[in-house]
Structure formats: C-alpha cells, structure tokens
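Prediction below, plus the sequence it came from.
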Amino acid sequence: VLPAYFLPRQSFVKMSSSITDSDPHAWLEEVLGEKPLDWVKERNEDCIKTVGDPSLTSTYQRILGIYDSKDKIPGLQRIGNLYYNFWRDENHVQGIWRRTTLESYQNDKTEWETVIDVDALPPPTTGTAKTWVWHGSDLLDEGPQSSWDRVLISLSPGGSDADTLREFDLNTKSWVEQDGYEISTPAKTRADYRNRNEVLVGTDFGGDGSCLTDSGYPRVVKSWKRGTPIEEAVTVFEGEQADISCDQYAYFDRGAVHEFQRRSLTFYTTKYFYRSPTDLANMSSLEDPTPFQEVMIPEDASIRTFGHSGLLELRTDWSAPSTDTIWKAGSLIAAPMVDIMKGDWSQAAVLFEPTGSVSLEGQSKTKDFLVLKLLRDVKTELRFWRYADGQWVDTTSSEKQALGVGEDVHASAVWPHDSNDIWFWRSGYLVPQTLELACAEDGCSTLSPLKAMPHMFDATGLEVKQHFATSKDGTKIPYFVMSRENIVADGSHPTLLDAYGGFEISMTPGYSGGVGVGWLERGGIKVIANIRGGGEYGPSWHQAALKEKRHKAYEDLEAVAFDLINTLKITCKEKLACIGGSNGGLLVGNMITRPIASSLFGAAVCQVPLLDMWRYSKLLAGASWMAEYGDPDKPEEWKFLRNHSAYHLLRYDCLGLEEPIYYPDDVSNAEEEEEERKKEVVTKSTPETWICPKVLFTTSTRDDRVHPGHARKMVASLLHEAQPRGLAPQVLYWENTEGGHGGAADNKQRAYIWALSFEFIALSIGLPPSSLSENSSAEMK
C-alpha cells in the first residue's frame, strides 16, 4: 500500500454524514480524542490482563534478541566507494546510519563508521510521537562526474507515513546548515534532486491541503532552488484533485539522460510524460527548452529505462502500433525510447512473456545486465539479459540454481553505475539468510560468500511442503506448510494460516526467526497461502480478485483452510487460526464474519486492518485504494463493496441490526433484490448461525495509512453488540501509541506485538503457553 498522510476527501455523497451519524461507534474515528484514547487504554489493559504481559515471556525475550542480534546480515547500499547500512539493536533503538569499506565488511569484525545516530537527535514534538523513525535517503546523482556527497534524509515522527526532510553532507557527516534543503513540518513529501542546485518537490505547500490529491499525496510539483525558501518554489507540474499522486523525476542512465512527469490516475493506471533534458546538471527544469510529450502506452502499463532503451511492463494484453503482435498481460517489452516516443514498436524485443505457471516478480539492473526474477509456481528462477550496442541478448544459462521447497533467492545490483556485480541473497522458511557476491556476467554461477546468519531457532525435524487446494471455482491455490516431519494426520495440530491477497503483492518464502521462536519451535504448524489478489502468477492472478471479484480471495483462503482440515487432516476448526495485516486484516475481518470461514477457524489475529468499506475511502489514504476495492460513492460499486465490508457483515448480517439506506434511489429495488437473494444459496451469516472465533485486533495510533478507527469500531461492535448476546466469546484489542502502519516504531515494540499475538493464538487453539523469561522468573521469586 502506498504511503499516505491524513486528508479527508473533499467530496462526500449526500448520505455520508447521516450514515456516519447513525453509526454508534463513529466517535472512535477521532484518533487523538480524549474519550477514544481512554477507550484504547481500557482495551489495552484488558488485553494484557487476559493474555498476560508478553514482555515477561521467554518468547518476547528471544524475539527481541533476534531483532537486536549482531548476527543479522547488514544489507549494504554502495555510495561512491563506501558501503552504507541502517542498523538497529539494543544500543541503537531508533538506529544508526553507518558505513564501511567492502574489505572491512568481508571480515568477521567489520569496522563501522557512524554517519547519523537517530537516537541522538532531539525528539519530535508531534502528537503522541516520542521518537524519530528512519525513512531513508535520496542520493544526489550528477552522472559520470558525480561526487556522491549529498543526500536528502527523511525522518518520521513516531513512525507515521508523514515525515520531515533535511539535507546531509556525507563528506563532513553533518547537516547542511547554509543553503541546505529542509522541510521541518511532517507531511507526505516526495523530493528528488534534479541537480545540485535544484530539488523537485511535492508536499503540502501552505499546509492547507490545496496542493494534495483526494488521497493525500502531492498533486503539485515545484522546482525548489538552493538557497531559497520553499515558499518561493515554482510550480513545474500539477495533476488533478482526483489523481492519486503526481511527481517529476530526472536521472542519468548508462549514457542517457531521462526526465518523466507522472500522474498516477489510480493505483494501477498512470499517465507518463517524457523528455530527454538538454543539460540536466546545469539547467533548471523551468529553463530547459525541451518540451515534455505524453508517452503513448496503455494507462495500466508502467515504463522504466535501461540506458537508451525503454522497458514496458504490461498489466493487460496490448497490440502496439507498428506491429501485429498482441503482447500478453505481464509481459516485459524493450524498445528504444526514441522509437517509443514516435509510437514505433517495430524494433521491440520481448524480454519476458508469462505462462500459466510463470510470472515476472521483479527486476534488477547492473551496468550492462537486466536480471529478471521469475516465479514458477512460487519458486524463483533468474533470467539474465545483456544490453550492448542497442541490442538485447539472453545470456541465461541452461543450468538452474538449485532451490529447495520453501526457499528463495534475490539478486540486486551492487553499483550499476560501473559494475555488473550482484548482491546474491538466499533464504527460506527454514533456511537462514546468506549473502554472497556474484556477477551477472556469468549468470551468478560463481559465488563468493560474504555473510551467513546462524539459525535463530531450532529447525531440527522441521520440513516445508507445497500443496494446492481447489477453490470454489476450480482454481488451484498453492500454499506452503511448515511442520514437523511425519506428523500424524489426526486433526490435532495447532495451525496458523497466513495470507495477504491484494495489490499484486506476492508472498514468497523468507526466513523469520520470530515465527520460528514464537510458533514452530513450540509445536505449531505455520501455513502460507498464495491466494488470488496477490502477484504470484502475475497481473491476471491479481485481477482475478479485484473489486466485484474480491470474494475470490476469500474463497481461496476458505479452500486452503478446508484442505488443511479435510484433505491433509492436520488440524481442525478448534486448532486452526488465521492471521493477516493491512489488506490481510480485511481478509481476516471477512474470515471471522463470512458463514463458511467463521466455521473453519477457532481464532484469528487481525493486524492494522481496514474493515469499514463504506468509510475507508474518506479516511487517510483510503481514496488511493479504490482501484483495488471499489468506490462506495458509486451505488453500483457499493453493492459489491458491502459484501466484503467486514464491519457491515458483522453488524447487519451476523448481528442482524437494522441497516441504513445508503442510496434512497435504490429503495424501490430493495424488495426485488431481496427476492433474488432468497433464490440464491445462503451466503451470509445470521445471528442464528454465526459465532465469532476468538479474535485479537492490533493497530497503531500513529498509523496514518490505515485509520485505527477501522479496528476500534469493529472491536466496539463485537464487545457491545455481539458479546452480550453470546456471539463473541473472546475479543481483545491492542493499540500501540507509536509505530505507523508497521504497528511498531522500534524493535522492542515489534517484539512485544508479535509475542502478544503468538501468545494469544497459543492460548486460543491449544498450544502450550510461553514460559516466563529467566529475568521475570527471578523477579517473581
């Protein structure tokens, strides 16, 4: 989900106010209100009273030890001749940005030089925020002659998506005080160097929201010259209020120079405008006489560059001008940018075309190579393309990297400005990370070990298997099962089912010491389901669960749960729990309210969720997700949104409360629609048939992406409207006062939330509780 900053939508349908007024829990949307925060405090206290203080458990101590461990592999970002890393541990709670040489990094005891110590900065003074959270850096690239000495640093108060911006000198390791760029008021900002004396910036100019889109992203891009106040920045590009966001960016690229303006119309559609700058290093955006031209490609396609070549990634089938070929959705097409701007695709090369089992997951660019990461039934393969003299040559070896089930590799360029070296990462559900140095020139066949993380949990006797469940419409849904070897198929094993199913995001294998310590070591089974809505099989897999087809994702997870219980016979309803966050939180919300799903699970953990689909587009970044879910302001789309709005499923289906009339014009059709529904197979829960699984909701006060009101209101309804009727046996809630959409601002907060979640699930579905930590036992004695 894209970053966001709070901005209510300006246009409301007539019924929005009255519907909100009729919601008895709407007052909980006031994030920092005294009454809502008192309610949050009570819920937090009740949660800890019921589950216990997770910080006293050995699970918490071990998870925190993993997060703070010196044995983690520091990922590197090369800048010039030095290698940078951002690091957190028990001594650097908010983290340090540090650097070293490659020679030192290759030693067992790397010598690091601190560049920025986030813990040493004066604390923020924004709302409930007590600490700064690192949001990254943007490097000044001046082409072949670049000195690599300046960066724009983004820091967030408390972990919110809104952040501050300040320029930093890498040579002196100090903030640029004189004529440096700085935005001290937190906002959702996009800023990129255009050259040393110009930054292209989009932010909440003036602080009144007029320069933002309905989604809360920058709508206006300005040219900000060094040594001038931001109030004097001049507009160079702007989009429309209904756009998701707008930006402009320029860069050097393997002997070419590119500049794009971009209007993100929806989450998946974009208009691009392009020019090759006249003199990027010395001429400002306003001074450059070269005009922008619209790039005539499908709006749902994305375009990048590699030197003088454009790279077009398709999301729907397309027949380009100058060719009779129809390129499939999910294909990657290369053509000279000069030709693309003329509408000439006759010299295009197809670098990837999907099949029913293989999709394009990602790409990395070295100096001369484009490295493609492919997924074949959620198993990774790498493909190598060399670009020379305007031609693309496939240099992929016929010998494949050997990968076990539930393992993954990732290749990223070390320094694409002058090197074909690759950072080669390996990991798996049961395999700790390793980092090796490789080269694209031999297809990463020669690997030089750099770092290896030790096992963070005891995986002895554990195995990973991949299975396929059959969804309601016959589609095969892959899922991975982590369990003890040779488990008895007697339905007795506590099992945790995890999924996401949205925004074309793939759930690929990766090592999690926290899952190992908190669940697998204790005897639990962990399952990862690759349901539709994700990207595991490319755009078509994602589009199969968009908008009115959202229910397909939920049917997929129900199918996997059914498979675990009735085909593999490893668990049963009382021993099966589901977990998911953000869009996965909406998934869990549906699992506890849909008639089939709620009968399959004994417990659930719903993390930073969106749940009220009538209100979601009017809260925080919600308007930007309407291409994924639908627009509740359109009666025809609200009809299907209503069917996967977990908050409405709960109150008006599960509890049978009187539902407001959202669109008066539809009243005349209400009786007719009700008759049609009676003819259908019953697909909704009723008070007579529904009981909510035991459930824990977690969120963050500082989440300015998905509004905490979603979880607050759902919990309030369960506690005050369902529980008194005996329909919600256990409902718990934990809200962290910091952390943003990630739910936590530092390692201690992250360990706390995960220890709490694992303990709740263990107590709910029959796994032995975590033992007290040694320190806690000693204190109690």
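Yes, it's here.

could you measure residue 510 against residue 362, distance?
Residue 510 sits 14 Å away from residue 362, going by Cβ to Cβ, to the nearest Å. The C-beta positions use only the backbone N, C-alpha and C, and glycine is treated the same way.

meant to ask about residue 764
For residue 764, the distance to residue 362 equals 36 Å [Cβ to Cβ].

of these two, who's got more company?
Legend: neighbour count by other Cβ atoms under 10 Å for residue 764 and residue 362, higher for residue 764 (25 against 16).

for the nearest residue to that one once chain neighbours are set aside, phi and psi?
Spatial nearest neighbour of residue 764, excluding adjacent residues (Cβ to Cβ, 6 or more residues apart in numbering): residue 603 at 3.6 Å. Dihedral pair for residue 603: phi -160, psi 160, per degrees, to the nearest 10.

List the contacts of residue 603.
Counting by Cβ atoms under 8 Å, 6 or more residues apart in numbering, residue 603 touches 577, 693, 694, 695, 696, 760, 761, 764, 765.

And it, what's its pLDDT?
Looking at residue 603, its pLDDT stands at 98.

before we move on, what about residue 770?
The model reports residue 770 with a pLDDT of 85.

what's the answer for residue 429, then?
Reported pLDDT for residue 429: 98.

okay, now it: neighbour count?
25.

If you drop the residues flanking it in sequence, what lies closest to it?
Counting by Cβ to Cβ, 6+ apart, residue 429 lies nearest to residue 406, which is 4.3 Å off, once chain neighbours are set aside.

residue contacts, residue 184?
Residue 184 makes contact with 164, 166, according to Cβ under 8 Å, 6+ apart.

quick one, phi/psi of it?
Dihedral angles for residue 184 - degrees, to the nearest 10 - are phi -90, psi -20.

now swap in the one 4 residues further on and tell me
Dihedral angles phi and psi of residue 188 (degrees, to the nearest 10) take the values phi -80, psi 110.

Tell me where the stretch 301-450 of the chain is predicted with low confidence.
Residue ranges of the stretch 301-450 of the chain with pLDDT under 70: 401.

residue ranges of the strands in it, please?
Ranges of strands within the stretch 301-450 of the chain are 302-306, 309-313, 318-319, 326-327, 332-336, 349-352, 358-365, 369-376, 380-388, 391-394, 407-413, 421-428, 434-439, 448-452, based on DSSP state E, counting those that start in this stretch.

Of those strands, which is nearest residue 755?
Closest of the strands of the stretch 301-450 of the chain to residue 755 is strand 421-428, at 22.5 Å (criterion: Cβ to Cβ).

Would you check the distance separating the closest one from the middle of the chain?
Relative to its parent chain, strand 421-428 has a centroid offset of 21 Å by Cα atoms, centre = their mean, to the nearest Å.

do the same with stretch 506-513
On Cα atoms, centre = their mean, the centre of stretch 506-513 falls 14 Å from that of its chain.

cool, stretch 566-576 as well?
30 Å.

Could I get the average pLDDT for that stretch?
The model assigns stretch 566-576 a mean pLDDT of 98.

what's the span of that stretch from first residue to last?
Start and end residues of stretch 566-576 are separated by 12 Å (Cα to Cα, to the nearest Å).

go on, stretch 564-572?
8 Å.

And the contacts of that stretch?
So stretch 564-572 is contacted by 467, 469, 481, 483, 487, 489-495, 497, 525, 527, 573, 576, 600 (Cβ under 8 Å, 6+ apart).

Flag the shaky bits of the stretch 601-750 of the chain, pLDDT-wise.
By pLDDT under 70, the low-scoring segments of the stretch 601-750 of the chain are 665-683, 738-745.

what are the ranges of the helices in it?
Under the criterion DSSP state H, counting those that start in this stretch, the stretch 601-750 of the chain contains helices at 626-629, 635-641, 646-648, 670-679, 709-717, 747-765.

got JSON lines for the ones you listed, with distance to residue 115 too?
Formatted as JSON lines, the helices of the stretch 601-750 of the chain follow (distance: least, Cβ to Cβ, whole Å):
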{"stretch": "helix 626-629", "distance to residue 115": "38"}
{"stretch": "helix 635-641", "distance to residue 115": "47"}
{"stretch": "helix 646-648", "distance to residue 115": "44"}
{"stretch": "helix 670-679", "distance to residue 115": "62"}
{"stretch": "helix 709-717", "distance to residue 115": "37"}
{"stretch": "helix 747-765", "distance to residue 115": "20"}
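
what's the most buried one of those?
helix 709-717 (a mean of 26; mean count of other Cβ atoms under 10 Å).

tell me what that one is packed against?
Using 3 or more Cβ pairs under 8 Å, 6 or more residues apart in numbering; DSSP states H and E, the elements in contact with helix 709-717 are helix 34-51, helix 583-591, helix 646-648, strand 694-700, strand 731-736.

Apply 6 Å and report the result again.
Helices and strands touching helix 709-717, by 3 or more Cβ pairs under 6 Å, 6 or more residues apart in numbering; DSSP states H and E, are strand 694-700.

What residues of the strand it packs on count as buried?
Along strand 694-700, these residues count as buried under the neighbour rule (16 or more other Cβ atoms under 10 Å): 694, 695, 696, 697, 698, 699, 700.

Show me the contact partners of stretch 97-113.
82, 83, 84, 85, 86, 114, 115, 116 (Cβ atoms under 6 Å, 6 or more residues apart in numbering).

Redo the residues you listed as JSON lines? Include pLDDT, distance to residue 122 and neighbour count.
Converted to JSON lines, the contacts of stretch 97-113 look like this (pLDDT from 0 to 100; distance: Cβ to Cβ, whole Å; neighbours: other Cβ atoms under 10 Å):
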{"residue": "82", "pLDDT": "98", "distance to residue 122": "27", "neighbour count": "16"}
{"residue": "83", "pLDDT": "98", "distance to residue 122": "29", "neighbour count": "23"}
{"residue": "84", "pLDDT": "98", "distance to residue 122": "23", "neighbour count": "22"}
{"residue": "85", "pLDDT": "97", "distance to residue 122": "24", "neighbour count": "19"}
{"residue": "86", "pLDDT": "97", "distance to residue 122": "20", "neighbour count": "18"}
{"residue": "114", "pLDDT": "98", "distance to residue 122": "17", "neighbour count": "13"}
{"residue": "115", "pLDDT": "98", "distance to residue 122": "18", "neighbour count": "20"}
{"residue": "116", "pLDDT": "98", "distance to residue 122": "13", "neighbour count": "20"}
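
Appreciated, that's everything.
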